[in-house]
Every structure is written in structure tokens, then in C-alpha cells.
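*Asks:* Can you look at this prediction? I've put the sequence above it.
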Amino acid sequence: MSPPRSGFDRDAALFAAADHAIAACRTQLIALSHDIHAEPELAFEEFRSAAKTVEPLRENGFKIEMGIADLPTAFVAEYGSGDLTVGIFAEYDALPEIGHACGHNMIAASAVGAGLALAAVADACDITVKVLGTPAEESGGGKVLMLERGAFDDLAMALMVHPGPEDIAGAHSLTLADLSVVFHGRESHASAAPQYGRNAGDAVTIAQVALGLLRQHLLPGQQLHGIVGSGGVAPNIVPGHAELLYYLRAVDSATLDDLMQRASACFEAGALATGCTHEIRKLAPTYTELVPDAALLRIYREQIRALGREPLAPELEAQRPLGSTDMGNVTKVIPGIHPVIGIDAGGAVTHQPAFTAAAVNASADRAVIDGATALARTAIQLAGDRLHRDRLSERVIQRQFQRQEDIR
């Protein structure tokens, strides 16, 4: 039987029970955040981090399944048997060299906290709680792969919280294409016989100059940035192979496609001018923009304010794009939210070494607890609202029917 429409007394009692569960494991949650931070692991290699994340859930009666969706570092931890399934997403991959400069250690810990809080009220709310370990957000698109492989098919809502320099309830993100552009030339002696060479390194240079000139004419929200992945092996050898690694971003899929066409012309120009060939390869699934569910967003904003935080005004949110995330793909299909929770980073922003250090300071520890609390309360309040509960349940039925149709 589903719970009745949300009421103040009901919510207050359930909030108190969820808050108590988080308070009881506060020390463990903060320790988890610090432990993951201390041993950063890259995309699809987060074996220690995934194991650390599931342990508190296992200890508290969650049923654990590792390696779901054919991804060794993905997992699902499940508790309860209600007819509305709440998904809480944990991330735990780090960045090369600078570690947890995006604070994914905090995301994992807050997800565990929210999961434990919801487990404490699962029967009363008639919900099933799933904490999902989603690898490779920084590069690789773990959530996209899991979504495509059906790992989220039964979720009525998808919730997570991400750290940043300020609180943003309705965070915006950009679409993203992750590209490798390889140029093939011909090696030769750079001094004795340069005329026989075809310089792939020069192709890279011309392509990057063309991209730099293109920037003046991009649409608002379109971005491109990259590095030289390889450009030769020795000064006296004409480079026969070179690679660019580039991100293309835009506000939506249509403008990303436009940017892809224009950037591709720049890559082709480098190859054409130098007599090389080239190939463009996508290294990860394309990330789409975030589309937060209005009801979940409204409730989260109320709850995070109740905890003493003041998120950015809604009319200013679009001015603070947070980059790109594979959670965007999830919110296109499943009602969800991806708010940013603020920490004191001393002026640093994500993907800076100073933010890595900040991700385990006192404000980060508070954000782990506040994030877990706000997510749990959001799920509780929506699960008790008959109108929205029915709406989310119907979305699940429609999605599962569509998957069956696709299989046929």
C-alpha cells in the first residue's frame, strides 16, 4: 500500500528518523569521504573506492551486487521492497595527477548517508532504496553505459549532490563530446631528408590554429578545449603520428552537432595542408545537458535552505554552468536532480589542486552530511505526495514498456 499524500506531521516524523540515522553514522560517513580521497582512482579503475563505498551499506543490511551492467566497478546496493524505487547515485572516480579535485569522495559519502537514512524509513514510505555506484564520470560516461544497459530501468527518481564553490540547486550543465583526433603522416630524417616526410605534428599545429580562430565565431555556450596527446618522438624524426585530445561542449545537442561539424573542418584542414590523413574517434558516450525534475528541484531547494544554506537565486543559475556530466543523460530519461552543494575552497574552483585539498576540510565534511540529509528529505517528501508519486510510477511503467518494445 502506498503512503497517503504528504502532510506536515508525517514528513516531520520521517525527517526526524532519517536525520537520526545520518547522525548515527556521521563519523563513518566522514571517514568514508576521507578514505576515498586518500586513494584516488581513475575512470573504470575504482576498485578500492567502490569496495569502500558499499561496506557501510552491507553492514546495514543492504543487498549488494558488484559489477553490474558489465562494469567491474559499478554496483547496486538495495534495501526494502516498496513499490517506488529511489535511486541515489554515488560517484568515486578521480582526476589524473590532481586526485579528487571534483570532490567525488564527498558524492560517494553523501550517497551512502542518504541511502542509510532512507533505509530507516523505507517501510513507512513504501519505497525501495537503491544506492548505485556509477564509475567513470570524469571520462568514460559510466552512467550512460549503465542507462543504456538497463541498470536504471526501475528507478522512479535519480538523486545525487555534487560539491562546488557555492550552493546551486538547479545546476546547469553543457553537452559534451570527448574526441581523439589522430593524424597519420610519414616519418623521415628531419635534416637529411625532410622532403620525404609528411609532418603529423604540423597537422596538429594547423588544426589548433584553425580552432583558435574559430572561437571568435562560436555560438553562446559553445566551447572547445584540448591538449596534444602525442606529437612526435624525437626532434630529428619528422612525426609520422600525432594526436589531439579535445572536448567540445554546447548548451544542447543541436548546437553540439553544429560545433562538431565546424571543429571537424578544422581537423581536416590540418590533414589537408600537410598531406596527412586523419581520423576522429569518440572516446566516451556523448553527455547531454541536465534537465532537473521541477518537483524534486523545488523540494530540494526547500530542504537545503532548511539546513541553513542559501542556494544561488534561480534566475542566476544559468550563469554558472558546472561543465558537463553524464548525469545529464539520466535526467533526460528519469526524473532527477544534480544540485551543487557549496564548500569553503578558499577561492578555488573544481579541477584545481586547491579544491582537492578543500574536499576533506571541515566545510566539506559538513557538506557530506547536509547533502545526505537534503537528498533523503527530498525523497521522503516526494514519496508521500500522491500526485507526484503516481506521476513517477507512470514514468517507470512507460520506460519499461518502451524497453520491451525496443527488444522486440
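*Replies:* Noted; the coordinates are in hand.
*Asks:* Can you tell me the SS state at residue 40?
*Replies:* Three-state call for residue 40 (DSSP: H, G, I helix; E, B strand; the rest coil): coil.
*Asks:* so it sits right up against residue 100, yeah?
*Replies:* Yes - look at residue 40 against residue 100 with C-beta atoms under 8 Å: they come within range, at 5.5 Å. Backbone N, C-alpha and C define where each C-beta goes, glycine included.
*Asks:* if I look at the two, which residues touch both of them?
*Replies:* Residues touching both residue 40 and residue 100 by C-beta atoms under 8 Å, 6 or more residues apart in numbering: residue 94.
*Asks:* ok, the two, which is more surrounded?
*Replies:* Regarding residue 40 and residue 100, a neighbour count based on other C-beta atoms under 10 Å identifies residue 100 as having more, with 30 against 22.
*Asks:* hang on, residue 152 packs against residue 87?
*Replies:* Yes - here residue 152 reaches residue 87: they are 6.4 Å apart, a contact under C-beta under 8 Å.
*Asks:* intersection of neighbour lists for those two?
*Replies:* Counting by C-beta under 8 Å, 6+ apart, the residues touching both residue 152 and residue 87 are 132, 158, 334.
*Asks:* For the helix or strand hosting the first one, give me every contacting residue.
*Replies:* Secondary-structure assignment from DSSP states H and E places residue 132 in strand 127-133. For strand 127-133, contacts defined as C-beta under 8 Å, 6+ apart pick out 50, 53-54, 57, 62, 73-90, 92, 108, 111-112, 114-115, 118-119, 122, 146, 151-152, 155, 379, 383.
*Asks:* just checking, next helix/strand downstream of that strand?
*Replies:* helix 142-148.
*Asks:* Which positions in that following helix come out as buried?
*Replies:* Neighbour counts over helix 142-148 (16 or more other C-beta atoms under 10 Å) mark 142-147 as buried.
*Asks:* wait, which of those residues is closest to residue 214?
*Replies:* residue 144 (27.2 Å; C-beta to C-beta).
*Asks:* Model confidence at the closest one, what's the number?
*Replies:* What the model reports as pLDDT for residue 144 is 98.
*Asks:* now the angle from the lowest-mean-pLDDT helix or strand in the chain to strand 127-133?
*Replies:* Lowest by mean pLDDT, DSSP states H and E among the helices and strands of the chain is helix 386-407, with a mean of 88. Counting by axes from the mean of the first three to the mean of the last three C-alpha atoms, to 10 degrees, helix 386-407 lies at 60 degrees to strand 127-133.
*Asks:* starting at the chain centroid, how far to helix 386-407?
*Replies:* On the basis of C-alpha atoms, centre = their mean, to the nearest Å, the separation between the geometric centre of helix 386-407 and that of its chain is 24 Å.
*Asks:* try stretch 10-21
*Replies:* 28 Å.
*Asks:* what's the answer for stretch 345-355, then?
*Replies:* 18 Å.
*Asks:* what does stretch 400-408 give?
*Replies:* Distance, centroid of stretch 400-408 to centroid of chain: 26 Å (C-alpha atoms, centre = their mean).
*Asks:* May I have the least confident helix or strand of the chain as PDB, with CA atoms only?
*Replies:* C-alpha atoms of helix 386-407 as PDB (Å, rounded to 0.1, in the frame of the first residue of the first chain):
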ATOM      1  CA  ARG A 386       0.300  11.000  -4.100                       C
ATOM      2  CA  LEU A 387       0.200  13.200  -7.200                       C
ATOM      3  CA  HIS A 388       3.900  13.100  -7.800                       C
ATOM      4  CA  ARG A 389       4.300   9.500  -6.700                       C
ATOM      5  CA  ASP A 390       1.800   8.400  -9.300                       C
ATOM      6  CA  ARG A 391       3.500  10.600 -11.900                       C
ATOM      7  CA  LEU A 392       6.800   9.000 -11.300                       C
ATOM      8  CA  SER A 393       5.400   5.500 -11.100                       C
ATOM      9  CA  GLU A 394       3.800   6.000 -14.500                       C
ATOM     10  CA  ARG A 395       7.100   7.200 -16.000                       C
ATOM     11  CA  VAL A 396       8.700   3.900 -14.800                       C
ATOM     12  CA  ILE A 397       5.900   1.800 -16.500                       C
ATOM     13  CA  GLN A 398       6.200   3.800 -19.700                       C
ATOM     14  CA  ARG A 399      10.000   3.400 -19.700                       C
ATOM     15  CA  GLN A 400       9.900  -0.300 -19.100                       C
ATOM     16  CA  PHE A 401       7.300  -0.800 -21.800                       C
ATOM     17  CA  GLN A 402       9.500   1.100 -24.300                       C
ATOM     18  CA  ARG A 403      12.500  -1.100 -23.500                       C
ATOM     19  CA  GLN A 404      10.400  -4.200 -24.100                       C
ATOM     20  CA  GLU A 405       9.300  -2.700 -27.400                       C
ATOM     21  CA  ASP A 406      12.900  -1.900 -28.300                       C
ATOM     22  CA  ILE A 407      13.900  -5.500 -27.500                       C
END
